[in-house]
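>>> Return atomic coordinates for the entry below.
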Amino acid sequence: MDLLNLFLAHIKLSMNDMVELSGIPKTSVHRMIGSLEEMGFVKKDNDGQYSLGLLFLQFGNLVAERLDIRHIAISVMEKLRDDIGEAVHLALRDGQESIYIEKLDTNHPVRLFTKIGRKAPLYAGASSRTILAFMPEHERDAYLDEIELKPIGSGTIMDKEELRASLELSRRTGYSFSRSELENYTAELSAPIFDHTGQIIAALSIAGLEVQFGEEKMADLIYKVKTAAHEISQKLGFIETA
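Residues are numbered from 1 along each chain as shown. Model (predicted):
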């Protein structure tokens, strides 16, 4: 990363330039830049000058495509927020975590303290668990095999068999629900958003104080969150098959 960061301010750099600017020994620079070139992160021209490789264009386009979902989802999120009066979140997967990329707050005097950029492990919270539940099976199994469950809130799931059962329930019902998993006395209800290939791309959720999610409200809230998530999926080109 020290070497790659040099290209933020320089279009092209020679081996000697990188040694001088980074302060890294030449033998180490030579070894690392060779690996970066082999992987496609940098390319070398006929004059021996290095520049960023086209692989970054691919990654950049991927990031742009995924963040475009904010613009696509916002009108649906606003409608959902105004309808139910609870905070609405949009979350993406970021490695072994989920990350909020959009949030619409409510006018409630007592509100959740969440913000765009907040992360949570994939096993904790409804949004995270929705993403985990609908990930490709081999990725989900690999994650479950290696992850160590740690308590965050009083309701965080700490047993892997219980977690697996919860994920299966989410896949079967099309939504996830959590109580006090990330913050005590709070609840979150989430549904998956799929892209045009049928792969999960994000999770839509509503969240608020636990007392706002009484049993008498749940059926209506589940329907509205799932409907909103499906509407966003359709805007992304998702076509549900029988």
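>>> buried ones in stretch 145-161?
Within stretch 145-161, the residues that qualify as buried are 149, 152, 153, 155, 156, 157, counting by 16 or more other Cβ atoms under 10 Å. (Glycine included, C-beta is placed from N, CA and C.)
>>> what's downstream of the longest helix along the chain, the next helix or strand?
Ordering each helix of the chain by length in residues (DSSP state H) puts helix 55-84 first. Where DSSP states H and E defines the elements, the next helix or strand beyond helix 55-84 is strand 87-94.
>>> re the thing from before, summarise which helices and strands the longest helix of the chain is packed against.
strand 87-94, strand 97-104, strand 200-209, helix 215-235 (3 or more Cβ pairs under 8 Å, 6 or more residues apart in numbering; DSSP states H and E).
>>> ok, and which of those has the densest surroundings?
Scoring the helices and strands packed on helix 55-84 by mean neighbour count under mean count of other Cβ atoms under 10 Å gives strand 200-209 as the most buried, with a mean of 25.
>>> What residues does the nearest residue to residue 119 once chain neighbours are set aside make contact with?
Using Cβ to Cβ, 6 or more residues apart in numbering and skipping residues adjacent in sequence, the residue nearest residue 119 is residue 97, 4.4 Å away. By Cβ atoms under 8 Å, 6 or more residues apart in numbering, the residues touching residue 97 are 119, 120, 121, 122, 128.
>>> Give me the number of neighbouring residues for the first one.
The one in question is residue 119. By other Cβ atoms under 10 Å, the residues close to residue 119 number 13.
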